[in-house]
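J.: A structural model of the following input is requested.
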Amino acid sequence: MKKRDSGLPGKIAEGYGEFRRWRVGRVPVVLLVAGAAVLAVAAVALYFTTAGHPSQAARGIEEPEAAIRGKYLDEYRLRVGELERRWDRRELTAADYEQQRRALDAQYGRYLEEGAAASQPSGAQGFEVNGVFVSSRSPSLPGVTPANRVLSGSRTLYVYLSYRGADPVEGGYRLRWLTGEQVLREIPVRLRAGSGELVDSLQRVFAPGPYDVQLVLGERLLASTRFLVDEPLTPRIHAVTASPAEVVPGGIVSVTLEYSFPGADALQALPVQEQCVIERNGRTVAGPIVREVQRDDGLHTASFRIVIPPALPGGEYEASIVLGADGRQASAATAFTVLSAAVPRSVEQGSWQPDRQPATSRPETERGDVRLEDLGKLLERVYGK
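T.: Residues are numbered from 1 along each chain as shown. All right, here's what the predicted structure looks like:
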């Protein structure tokens, strides 16, 4: 690892070099680079004029470095602001926004860590985060886990942070909730020496968009977690079919549906309830069959096989589908016919013909048979009376 130069020229050169790598080819950034160069020259001159005076030299170091930190922060804010505007204009998907924002945060976080490495404030040395996440479950409930999806609307969210290596600093640690650059809540927190857990909550009407929860010490970001608030999704049912179209009592009808979630972007593991029931005139006669599944974005197919009760009267019935997700529902139905129980079961195989007598019935006469009442008439015609 390259050793950091503790002298002022080395510090300024290193800071200026890092700043140059942040350039994105825009005019404001060029001006910022020029400003940083001017500050570097001024700082070098100040270094030589204050040689032999440690207190003055220390002030000379702090002022240019503070200016460079300000330049980094300005550039970070410019980039975040542009990203937020692209999000507002719907030019980015939620996944793209999250990826680019995380990259910006990582860049700025690395700078802060490098800048604080030489002179960390009391309470930051050795601090580590074991885990941090946001949940909709209160700490008083068992099984607290990270929220899979956070829906817009009025609700209370909780942040859970586990840490170690904390050095209590009076008034030093602060926890804040924010969206973009808007701070929703910021409070001082006192961490227990060594390891421990921190829990905080925020109750408000959450609008769709990205949110952050941060733990800071002075200007140093110690921990951060991001979550997205989504609009509730309503499933759209595209098709429902029942096969066969005619079924006998005791037979099986297969119900198939296709559905999707319009507006879903990079959706993963959305809990969905699929339900199918056979009804007639609003009364349930078979089912329901209920499934709990997880779906992503795209087109989905589900199928149900339902046994028709043997004593079910013939007539027209409906296979009704109900889908539930994010507290919203969609429903659809398709019709099919249950044949009368008087119809022979062979109709299911298509061998029964209504204009023919059943094979088990015997006709009154067969070819070659003569009835007694016809015998006398036959003899009279042959021999005469």
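J.: flag the shaky bits of the stretch 51-200 of the chain, pLDDT-wise.
T.: For the stretch 51-200 of the chain, the stretches with pLDDT under 70 are 51-69, 71, 111-125, 170-171.
J.: contacts only, for the residue lying closest to V183 once chain neighbours are set aside.
T.: Once flanking residues are discounted, V183 sits nearest to R176: 5.6 Å by C-beta to C-beta, 6 or more residues apart in numbering. For glycine as for every other residue, the C-beta is placed from the backbone atoms N, C-alpha and C. Contact partners of R176, counting by C-beta atoms under 8 Å, 6 or more residues apart in numbering, are V183, L184, R185, E186, I187, V213, Q214, V216.
J.: can we see that at 6 Å?
T.: V183, E186, Q214 (C-beta atoms under 6 Å, 6 or more residues apart in numbering).
J.: repeat that for A335.
T.: E316, E318.
J.: what's the helix or strand for it?
T.: strand 328-338 (DSSP states H and E).
J.: with T241 instead?
T.: Following DSSP H and E, one finds T241 within strand 236-243.
J.: give me the sheet partners of that strand and which way each runs.
T.: Using DSSP bridges, the strands paired with strand 236-243 are strand 252-260 (antiparallel).
J.: thinking again about what came up before, next, the residue nearest to V183: phi, psi?
T.: Main-chain dihedrals, R176, degrees, to the nearest 10: phi -140, psi 140.
J.: what pairs with it across the strands?
T.: Here R176 sits in beta bridges with E186, Q214, going by DSSP bridges.
J.: roughly how far does it sit from P188?
T.: Distance, R176 to P188, by C-beta to C-beta, to the nearest Å: 10 Å.
J.: repeat that for G287.
T.: Remark: distance between G287 and P188 (C-beta to C-beta) = 57 Å.
J.: try T337
T.: 72 Å.
J.: quick check: G70 is in a helix.
T.: Yes: using DSSP: H, G, I helix; E, B strand; the rest coil, the assignment for G70 is a helix.
J.: okay, now the domains of the protein?
T.: Split into domains by automatic domain parsing, the chain comes to 1-119, 126-231, 236-349.
J.: who's in contact with V205?
T.: S154.
J.: so it belongs to a strand, correct?
T.: Yes: applying three-state DSSP, one finds V205 inside a strand.
J.: could you report the neighbour count for G180?
T.: For G180, the neighbour count with other C-beta atoms under 10 Å is 16.
J.: for S136, see how far away it is.
T.: From G180 over to S136 the distance is 22 Å, taken as C-beta to C-beta.
J.: how about Y76, what does it touch?
T.: So, once contact is read as C-beta under 6 Å, 6+ apart, Y76 ends up touching Y108.
J.: could you find the closest non-adjacent residue to Q203?
T.: T156 is the one closest to Q203 (C-beta to C-beta, 6+ apart), at 4.2 Å.
J.: quickly note the distance from the residue nearest to S331 when sequence neighbours are not counted to G81.
T.: Leaving aside its chain neighbours, S331 sits nearest to V322 (4.8 Å; criterion: C-beta to C-beta, 6+ apart). Separation of V322 from G81 (C-beta to C-beta): 45 Å.
J.: repeat for E258
T.: E258 sits at a distance of 42 Å from G81 (criterion: C-beta to C-beta).
J.: got it, and Q107?
T.: Taking C-beta to C-beta, one finds Q107 at 15 Å from G81.
J.: of these two, who's got more company?
T.: Between Q107 and G81, Q107 has the larger neighbour count (other C-beta under 10 Å), namely 17 against 12.
J.: which element, helix or strand, includes that one?
T.: helix 94-117.
J.: ok, now A311?
T.: A311 belongs to no helix or strand, assigned by DSSP H and E.
J.: apart from its chain neighbours, what residue comes closest to it?
T.: P249 (6.6 Å).
J.: that neighbour contacts G314, correct?
T.: No: between P249 and G314 there is no contact under C-beta atoms under 6 Å: 7.8 Å.
J.: same drill for the two, tell me which one is more crowded.
T.: Legend: neighbour count by other C-beta under 10 Å for P249 and G314, higher for P249 (18 against 15).
J.: quick one: the more buried one from E316, how far?
T.: According to C-beta to C-beta, P249 and E316 sit 14 Å apart.
J.: do L299 as well
T.: Distance of L299 to E316, computed by C-beta to C-beta: 29 Å.
J.: what ranges does the stretch 51-200 of the chain have for its strands?
T.: For the stretch 51-200 of the chain, the strands defined by DSSP state E, counting those that start in this stretch cover 128-135, 150-151, 153-166, 173-179, 182-188, 194-206.
J.: next, the buried residues of the fourth one.
T.: Spelled out, that is strand 173-179. Using 16 or more other C-beta atoms under 10 Å as the test for burial, strand 173-179 gives Y173, L175, R176, W177.
J.: many thanks, I have nothing further to ask.
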